[in-house]
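A.B. asks: could you work out the structure for the sequence below:
(2 chains)
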Amino acid sequence: MEEKIREAVAGALRELGLPAGQTGAFVVEQPTEMTHGDYATNAALAAAKQLGKRPQEVAELLVKELRVSTVLGPTSIQSIEVAGPGFINITLSRAAVARAITEASAQGTGWGKGNVQEGQRVVIEYTDPNPFKAMHIGHLMSNTIGESISRLIENEGATVIRANYQGDVGPHVAKALWGLQKVGIVEPTTTLELSEAYVAGNQAYEDSPEAKAEIDALNTVIYTASDTAVMDLWRKGRAVSLEAFEKIYQHLGTHFDQYFFESETAEPGTRMVHDGIAKGIFEESEGAVIYRGEKVGLHTLVFVTSRGTPTYEAKDIGLAFLKEERVPNDRSIIVTAAEQIGHFKVVLAALAELAPAIAAKTRHVPHGFLRLTSGKMSSREGNVITADALITEIIGKALVKNPDPHVAEQVAIGAIKYMILRQAPGSDIIFDPEQSLSLEGDSGPYLQYALVRAKKILAYAENGEGGIEEPSEPYAIERLILHYPEVVARAARELAPNILTTYLTALAATWNSFYASEQVLGSPEEAYKQRVARAFATTMTNGLTLLGVSAPERM
RNA sequence: GCCCUCGUAGUGAAAUGGAUAUCACAACAGUCUUCGGAACUGUCGUUCCAGGUUCGAGUCCUGGCGGGGGCACCA
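C.D. replies: Prediction:
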């Protein structure tokens, strides 16, 4: 509807004598205040200067030329009014709102689906945990945001390939293997053994020059696979890690189509960086191969170390090509923590010289850190909150009200995901482990609970005999529901699940308010209210699905 | 030092250059014979500072101040 109104406004502006190419600078939006109608446009304010007239005057003229009825249907408008400094407020008719509600309640899972990205193949990389290290709450952020973005993009018609890139080689692995060797573990079976070994190795690396030398040597062994005993230990430890990750993915309701490993990007990455020296893209300096970021306003980073091992940077170059080869795509999105912004700027600059087409379609989406009120989290020091520990703790909390462990898990995961998705992806989340996280108010369970209550009504209503009167004015909840397709489209366009989360919270609040003040079953308007309840339930269910949050039947 | 980011009620957040800056927690006062109280209704309280652009700035620009991140061999 929004898009149709936009076209009508653009048409009216042309009627007022504005050149076709110059009508773009206005918005059609949902006004903050519901009393201002269902849609509003600032077109008159934006065009006033060009037309040399007062905004209110332009608005009056614009309203006369506005043919909203021809794009939305003859009985769709209740009023079009000029308000404030020159806004044009459009209020839909009772019939038009009712049509949207009927559509929402009838379409089921199809409600809100778009097609603007049909035919597009989008590869989305997220989560990226490192074997031999624990998956911590930072990975939970990447996974939650990446999964939701994937679903939002799929909802617009694209084919999404979910990718997970895991660091199974590199200094952290050498440290963990060194730690295992020191305590004589040849067959690791738990992730605890691995993370303890990593912390021990990391400590020794800082404290002891001998240990440092041993670990550096081990690192090279891993890259070159030159020692069968070491590689055996590596394979076993890696398998333990990966298996543990899969379990967490199951809890989170996420999955991957493609797994990439640093052990497979290291070789091609190193080779391509070396090839790039001859082309003048990279250069040698103090034995290392570097990219002079200064030539494009960035800073210099080492791509291959003086020992000949590739850094994260070279491996990401290798990854870019490997992705292209295995997963041909139109767009490539990488979701990682914001601390890597600088890294990706340099890598993409280098890639732009190496393979301009790949660099051009690649986009880095940074997310903030999950910071603790008690201080900084560091896996090197071992004071991280692991994904497992957090999930277990919140499930324990949810069990208080939900004896059913399955429901408790749905509530707990929903609460965690909501906390992550409610704010703009780039900003940090301050997480207080003492207060843990909220299961009421502005929270995941709040949305789930609103839905559970609506579904209960629908269940009772199946054998109910209620009235068929129709209320003369739309309820606030109806006027919110009809915006759902526009909201998900924008969230997908901007890669911002928080837009959807904010909307769903308002939707749940409005529903709860409706629920408290309006009796559905047995009321004179029962049939109509049921349809509203169904439309709400459909909208909330579809919205939660796009967030990756499940909808319990009861709680 | 340079670069990037963020400063919004006591706390955590929202807001596409638009209308009276929105929500939750906390605090306080209410709503339970109604479809489920993880709920609802109400009260209190907010854009770091100084300039600028604009009909209009939390949002854009410049300069401060403060937090976070990055800046040659970690990822």
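
A.B. asks: which outside residues touch stretch A:32-47?
C.D. replies: A:1-2, A:5, A:9, A:12-13, A:16, A:18, A:23, A:25-31, A:55-56, A:58-59, A:62, A:79, A:81-83, A:85-92, A:97, A:476, A:479, A:482 (Cβ atoms under 8 Å, 6 or more residues apart in numbering). All C-beta atoms are positioned from the backbone trio N, CA, C, and that covers glycine.

A.B. asks: stretch A:437-457 now?
C.D. replies: A:394, A:397-398, A:401, A:410-411, A:414-419, A:422, A:431, A:504-505, A:507-508, A:511-512, A:515, A:520-521, A:530, A:533, A:536-537, A:540-541, A:544, A:549, A:551-555.

A.B. asks: check stretch A:310-322 too.
C.D. replies: A:165, A:167, A:170, A:223, A:260, A:262, A:264-273, A:289, A:291, A:301-305, A:332, A:343-344, A:346-347, A:350-351, A:354-355, A:358-359, A:362.

A.B. asks: ok, the closest residue in space to A:Tyr126 that isn't next to it in sequence to A:Pro31 distance?
C.D. replies: Nearest residue to A:Tyr126, sequence neighbours excluded (Cβ to Cβ, 6 or more residues apart in numbering): A:Gly146, at 2.4 Å. Noted for A:Gly146: a distance of 33 Å to A:Pro31, by Cβ to Cβ, to the nearest Å.

A.B. asks: the contacts of stretch A:32-47 also near RNA strand B: which ones?
C.D. replies: Among those, the ones lying near RNA strand B by Cβ under 7 Å from any atom of the strand are A:Val27, A:Glu29, A:Gln30, A:Pro31, A:Pro55, A:Ala83, A:Pro85, A:Phe87, A:Asn89.

A.B. asks: can you count the residues close to A:Thr228?
C.D. replies: Applying other Cβ atoms under 10 Å, we find 8 residues neighbouring A:Thr228.

A.B. asks: ok, A:Val27 next?
C.D. replies: A:Val27 has 12 neighbours, counted by other Cβ under 10 Å.

A.B. asks: tell me which element the residue in the stretch 401-550 of chain A that RNA strand B sits nearest to is part of?
C.D. replies: Of all residues in the stretch 401-550 of chain A, A:Gly441 sits closest to RNA strand B, at 2.3 Å by Cβ to the nearest atom of the strand. A:Gly441 belongs to no helix or strand when assigned by DSSP states H and E.

A.B. asks: A:Tyr165 - that's part of a strand, no?
C.D. replies: Yes - assessed with DSSP: H, G, I helix; E, B strand; the rest coil, A:Tyr165 lies in a strand.

A.B. asks: list the contacts for it?
C.D. replies: A:Tyr165 neighbours (Cβ under 8 Å, 6+ apart): A:Glu125, A:Asp128, A:Tyr259, A:Phe260, A:Phe261, A:Glu262, A:Thr265, A:Leu319.

A.B. asks: before we move on, the earlier item: give me the buried entries from the contacts of stretch A:32-47.
C.D. replies: A:1-2, A:5, A:9, A:12-13, A:16, A:18, A:23, A:26, A:28, A:30-31, A:55-56, A:58-59, A:62, A:82, A:86-92, A:97, A:479, A:482 (16 or more other Cβ atoms under 10 Å).

A.B. asks: give me the helices and strands touching the host helix or strand of A:Tyr515, please.
C.D. replies: Assessed by DSSP H and E, A:Tyr515 sits inside helix A:497-517. In terms of contacts (3 or more Cβ pairs under 8 Å, 6 or more residues apart in numbering; DSSP states H and E), helix A:497-517 is packed against helix A:137-155, helix A:405-421, helix A:444-461, helix A:476-481, helix A:484-493, helix A:526-547.

A.B. asks: residues in contact with the fifth one: which ones?
C.D. replies: For helix A:484-493, the surrounding residues in contact (Cβ under 8 Å, 6+ apart) are A:1-2, A:30, A:104, A:111-112, A:114, A:116-117, A:152-153, A:155-156, A:496-500, A:503, A:507, A:539, A:542-543, A:546.

A.B. asks: picking up where we left off before, and the contacts of stretch A:310-322 near RNA strand B, which?
C.D. replies: A:Gly167, A:Gly170, A:Glu262, A:Leu301, A:Val302, A:Thr305, A:His343.

A.B. asks: among those, which lie within helices?
C.D. replies: A:Glu262, A:His343 (DSSP state H).

A.B. asks: which of the ones next to RNA strand B among the contacts of stretch A:310-322 has the weakest pLDDT?
C.D. replies: Within these, A:Gly170 has the lowest pLDDT, namely 87.

A.B. asks: domains of chain A?
C.D. replies: Domain ranges of chain A: A:2-92, A:126-372, per automatic domain parsing.

A.B. asks: now for chain A, the helix or strand with the poorest mean pLDDT.
C.D. replies: Least confident element among the helices and strands of chain A, by mean pLDDT, DSSP states H and E: strand A:370-372 (a mean of 74).

A.B. asks: before we move on, back to that, of the contacts of helix A:484-493, keep whichever come out buried.
C.D. replies: A:1-2, A:30, A:104, A:111-112, A:114, A:117, A:152-153, A:155-156, A:496-500, A:503, A:507, A:539, A:542-543, A:546.

A.B. asks: so which residues on the stretch 201-350 of chain A come close to RNA strand B?
C.D. replies: Contact residues (Cβ under 7 Å from any atom of the strand) of the stretch 201-350 of chain A with RNA strand B: A:262, A:285-288, A:290, A:299-302, A:305-307, A:309, A:311-312, A:315, A:338-343.

A.B. asks: again, 6 Å this time
C.D. replies: A:262, A:285-288, A:290, A:299-300, A:302, A:305-306, A:311-312, A:339-343 (Cβ under 6 Å from any atom of the strand).

A.B. asks: of these, grab the buried ones for ChimeraX.
C.D. replies: The ChimeraX selection below is limited to those of those classed as buried (16+ other Cβ under 10 Å):
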select /A:262,288,290,302,311,312,340,343
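
A.B. asks: for the stretch 351-500 of chain A, what lies in contact range of RNA strand B?
C.D. replies: Within the stretch 351-500 of chain A, the residues that sit near RNA strand B (Cβ under 6 Å from any atom of the strand) are A:376, A:398, A:401-402, A:411, A:422-424, A:427-430, A:439-442, A:445-446, A:449, A:452-453, A:456-457, A:460, A:498.
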